[in-house]
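> Give me the fold of what follows.
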Amino acid sequence: MNAHRLCRLPAQCWSLTECCRYHARMNRSRYLAKSRLRRPRALFAALAISLAGSVHAGAPSVASLSGAPTSTQLQWAARFEHGEGIPRDVGRAVQLYCLAASRGSSEAQYQLGWMYANGRGVPRDDALAAAWFRKAAAKGDAISQRLLIAFGKVKMKSASCVGPTRGAGAGVVQVAYRAAPRVDFESTPERRQIVAWVREMAPEYQLDPDLVLAVLAMESGFSSSAVSPKNAQGLMQLIPETADRFGVQDAFDPVQNLRGGMAYLRWLLAFFGGDVPLALAGYNAGEKAVERYGGVPPYPETQAYVSRIVQRYGKIWHPPVAGVVEPSALISAAAARVQAESKP
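Residues are numbered from 1 along each chain as shown. Coordinates of the predicted model:
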């Protein structure tokens, strides 16, 4: 498809470049009109906080917005996308649009289609853009219906979220969610046994077995005898301190190791409010590093680790288990801010 084919539709456009500018103006005008009508004071409050210093002090995490109304998710997504009153963070914008889209928001579905069609802070992907436009069009979104005509025949793809490339915005380090190599979880009798253990035990820890398997595959490749250069051991690669912390006496015993790794993963998900990328970053680099950087630390190893597991798992949020641990200050401060912003 021509790089500017999307921009041939409006009658107002007399050139491809002008047409793309028209669409950009249309999107921005629609966002600004809504934000001014809905929360004029919130923009000034967020601006004051962002000027005072930390990005995260003035902006909620994705996890803290996961249970917010769809309209609130859309407002924050647009603010992150455009950098209105807060530092621009396309990564959070995409994640919030994804949360709203998963609830059936045609506006979020359209925005995702537009971002992927134009490579706006994310890898350009015509098939993915068409998939999102198709969802919005099915809900009666007239612009999406017209844009689909411009695509013609493109490769069919299911609507999913692929994260931004590095440098897409300010603040937290952006993680590029590239396709992770497929892993055959049941290629050998040993692997089939490990998968069976995970599917049996994960519900005891209120964990999604697919998330545990994605972590396990990345950590040890299903090897119960694996040892890393940093002395991380066994299936879930527990360092001795973590093994002691979660009551693992023999890290090379596969069942003990799985239980210790799942206990730690549950703890991290509770600590970071169900935010999967933050929990994974904590598993790899330690929760203190995540708090110190206010997000995924800028370590190449950790960024690649989070990227590959999120791509394999396919979700950015997991229900946290209540009562395991008090949430991180990152999460509790953001949640309090969202609650305050939601009041009339």
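> which SSE is residue 301 in?
Using DSSP states H and E, residue 301 falls within helix 300-313.
> hang on, I meant residue 322
Assigned by DSSP H and E, residue 322 belongs to no helix or strand.
> Grab the nearest non-local neighbour of it.
residue 270 (7.5 Å; C-beta to C-beta, 6 or more residues apart in numbering). Glycine gets a C-beta too; all of them are placed from N, C-alpha and C.
> which strands and helices sit next to the helix holding residue 301?
helix 209-219, helix 276-285 (3 or more C-beta pairs under 8 Å, 6 or more residues apart in numbering; DSSP states H and E).
> Put the alpha carbons of the last one into PDB.
Okay, so that is helix 276-285. Taking C-alpha atoms only, helix 276-285 is exported to PDB below (Å, rounded to 0.1, in the frame of the first residue of the first chain):
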ATOM      1  CA  VAL A 276       2.800  -6.800  33.800                       C
ATOM      2  CA  PRO A 277       5.800  -4.900  32.300                       C
ATOM      3  CA  LEU A 278       6.700  -3.500  35.700                       C
ATOM      4  CA  ALA A 279       6.300  -6.900  37.400                       C
ATOM      5  CA  LEU A 280       8.500  -8.500  34.800                       C
ATOM      6  CA  ALA A 281      11.100  -5.700  35.100                       C
ATOM      7  CA  GLY A 282      11.100  -6.300  38.800                       C
ATOM      8  CA  TYR A 283      11.600 -10.100  38.300                       C
ATOM      9  CA  ASN A 284      14.600  -9.400  36.100                       C
ATOM     10  CA  ALA A 285      16.200  -6.300  37.700                       C
END
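> from the chain's centre, how far out does that helix sit?
Helix 276-285 sits 12 Å away from the centroid of its parent chain (C-alpha atoms, centre = their mean, to the nearest Å).
> Tell me which residues are up against it.
61, 63, 175, 211, 215, 264-265, 268-269, 271-272, 289-290, 295-297, 299, 301-302, 305-306, 309-310, 313, 315-318, 330 (C-beta atoms under 8 Å, 6 or more residues apart in numbering).
> Mind giving me the PyMOL select for those, buried ones only?
Listed next is the PyMOL selection for buried residues among the contacts of helix 276-285, using 16 or more other C-beta atoms under 10 Å:
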select buried, resi 61+63+175+211+215+264+265+268+269+271+272+289+290+295+296+297+302+305+306+309+310+313+316+317+318+330
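> Pop the domain breakdown of the protein in here.
The record's domain split for the chain, according to automatic domain parsing, is 5-151, 189-328.
> For the stretch 151-300 of the chain, which segments are assigned as helices?
Under the criterion DSSP state H, counting those that start in this stretch, helices of the stretch 151-300 of the chain are mapped to 189-201, 209-219, 240-245, 254-271, 276-285, 287-293, 300-313.
> Now do the nearest residue to residue 315 once chain neighbours are set aside against residue 108, distance only.
Spatial nearest neighbour of residue 315, chain neighbours left out: residue 276 (6.2 Å); criterion: C-beta to C-beta, 6+ apart. Distance, residue 276 to residue 108, using C-beta to C-beta, to the nearest Å: 19 Å.
> can you tell which of the helices and strands packed on helix 300-313 is closest to residue 72?
helix 276-285 (20.1 Å; C-beta to C-beta).
> Enumerate the positions of that closest one that are buried.
Within helix 276-285, the residues scored as buried using 16+ other C-beta under 10 Å are 276, 277, 278, 279, 280, 281, 282, 283, 284, 285.
> Stretch 235-254 too?
For stretch 235-254, a neighbour-count test (16+ other C-beta under 10 Å) marks 235, 236, 237, 238, 242, 243, 246, 248, 251, 254 as buried.
> Identify those among these that sit within strands.
Of the buried residues of stretch 235-254, none are assigned to strands by DSSP state E.
> Mind telling me the two of the residues you listed farthest from one another?
Spanning the widest gap among the buried residues of stretch 235-254 are 242 and 254, at 16.2 Å by C-beta to C-beta.
> Tabulate the helices of the stretch 151-300 of the chain in CSV, adding columns for mean pLDDT and distance to residue 102.
Converted to CSV, the helices of the stretch 151-300 of the chain look like this (pLDDT from 0 to 100; distance: least, C-beta to C-beta, whole Å):
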stretch, mean pLDDT, distance to residue 102
helix 189-201, 95, 24
helix 209-219, 95, 16
helix 240-245, 97, 33
helix 254-271, 97, 18
helix 276-285, 94, 14
helix 287-293, 92, 25
helix 300-313, 89, 15
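> could those helices go into JSON lines alongside distance to residue 155?
Converted to JSON lines, the helices of the stretch 151-300 of the chain look like this (distance: least, C-beta to C-beta, whole Å):
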{"stretch": "helix 189-201", "distance to residue 155": "31"}
{"stretch": "helix 209-219", "distance to residue 155": "25"}
{"stretch": "helix 240-245", "distance to residue 155": "43"}
{"stretch": "helix 254-271", "distance to residue 155": "35"}
{"stretch": "helix 276-285", "distance to residue 155": "28"}
{"stretch": "helix 287-293", "distance to residue 155": "37"}
{"stretch": "helix 300-313", "distance to residue 155": "19"}
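> wait, which of those is closest to residue 70?
Counting by C-beta to C-beta, residue 70 lies closest to helix 276-285 out of these; the figure is 20.1 Å.
> Name the residues of stretch 59-73 that come out as buried.
For stretch 59-73, the neighbour count (16+ other C-beta under 10 Å) marks 59, 60, 61, 62, 63, 64, 65, 66, 68, 70, 72, 73 as buried.
> Select from those residues the entry with the lowest predicted confidence.
Lowest pLDDT among the buried residues of stretch 59-73: residue 63, with 68.
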